[in-house]
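Student: just coords:
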């Protein structure tokens, strides 16, 4: 696995950093990279070609698209944290459940702020269940898995992917000149990364075969 896909918020030598590397290696071998894409799509090209759009209006459209993508990823992440919390019902995983609860609450808070920012930019928030399912870049949650560590790893992976993708969006939004949206996404990514760090502190060293 290329190191460019490792998250900047997680040490490569940490337990979760090693688990992420092992999981990413496996997924790459199987053809499932699970790297959230933020590349320009056909809508960006269509919007750029519209003669009626001025530069600021076009920038706002592109910013709103990225904020909507973050909302979809966050809400999918929130649902996966709920799944993990239900599956980690054993008393041995109370701390893990607490971190899942914290992530759920953080998403609730920041999604509201992201949606408000889209409205301030004269955009439309895409947050219905069907829109989230279509937009989210996360893989399906392994709800049937019996091993508790599988659920912990899946949540850690999702936290990493979403926070990392938001960091990429921060770079793009900086280029578009929106300091307010940058600050909001940066705070959201940082909060999710801190949840990942908390999971890291609870995670034993992985067995490398």
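Tutor: That came through, no problem. Quick caveat, the model's predicted, so the values are computed rather than measured.
Student: okay, CA-based contacts and neighbour counts for the rest of this
Tutor: OK.
Student: just the helices in this structure please.
Tutor: 15-30, 42-49, 55-87, 94-120, 129-135, 148-175, 179-202 (DSSP state H).
Student: out of those, which gets nearest to residue 141?
Tutor: helix 55-87 (6.3 Å; C-alpha to C-alpha).
Student: lowest average pLDDT across the helices of the chain?
Tutor: Mean pLDDT per stretch puts helix 42-49 lowest among those, at a mean of 51.
Student: picking up where we left off before, in CSV, list the helices of the chain along with mean neighbour count and distance to residue 141.
Tutor: Output for those, formatted as CSV (neighbours: other C-alpha atoms under 10 Å; distance: least, C-alpha to C-alpha, whole Å):
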stretch, mean neighbour count, distance to residue 141
helix 15-30, 18, 14
helix 42-49, 12, 28
helix 55-87, 22, 6
helix 94-120, 18, 14
helix 129-135, 14, 12
helix 148-175, 21, 7
helix 179-202, 19, 17
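Student: distance to residue 142 added to the ones you listed, as CSV?
Tutor: Below are the helices of the chain laid out as CSV (distance: least, C-alpha to C-alpha, whole Å):
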stretch, distance to residue 142
helix 15-30, 14
helix 42-49, 32
helix 55-87, 9
helix 94-120, 16
helix 129-135, 16
helix 148-175, 7
helix 179-202, 18
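Student: ok, the most centrally placed residue in the chain - contacts?
Tutor: By C-alpha atoms, centre = their mean, the chain has its centre lying nearest to residue 162, at 1.3 Å. By C-alpha atoms under 8 Å, 6 or more residues apart in numbering, residue 162 lies in contact with 36, 70, 73-74, 77, 189.
Student: need the max-distance pair from these.
Tutor: 36 and 189 (14.0 Å).
Student: re the thing from before, closest to residue 96 out of the contacts of residue 162?
Tutor: Of the contacts of residue 162, the one sitting nearest to residue 96 (C-alpha to C-alpha) turns out to be residue 77, at 15.2 Å.
Student: that closest one and residue 157 touch, don't they?
Tutor: No. If you go by C-alpha atoms under 8 Å, residue 77 and residue 157 don't touch, sitting 10.0 Å apart.
Student: contacts only, for residue 124.
Tutor: 64, 118.
Student: now it: how far from residue 113?
Tutor: 14 Å (C-alpha to C-alpha, to the nearest Å).
Student: over to residue 85?
Tutor: For residue 85, the distance to residue 113 - C-alpha to C-alpha - is 25 Å.
Student: ok, residue 88 next?
Tutor: 29 Å.
Student: distance between stretch 161-175 and the chain's centre?
Tutor: Its chain's C-alpha centre and that of stretch 161-175 lie 10 Å apart, by C-alpha atoms, centre = their mean, to the nearest Å.
Student: ditto for stretch 65-79
Tutor: Worked out by C-alpha atoms, centre = their mean, stretch 65-79 lies 7 Å from the chain centre.
Student: sounds good, over and out.
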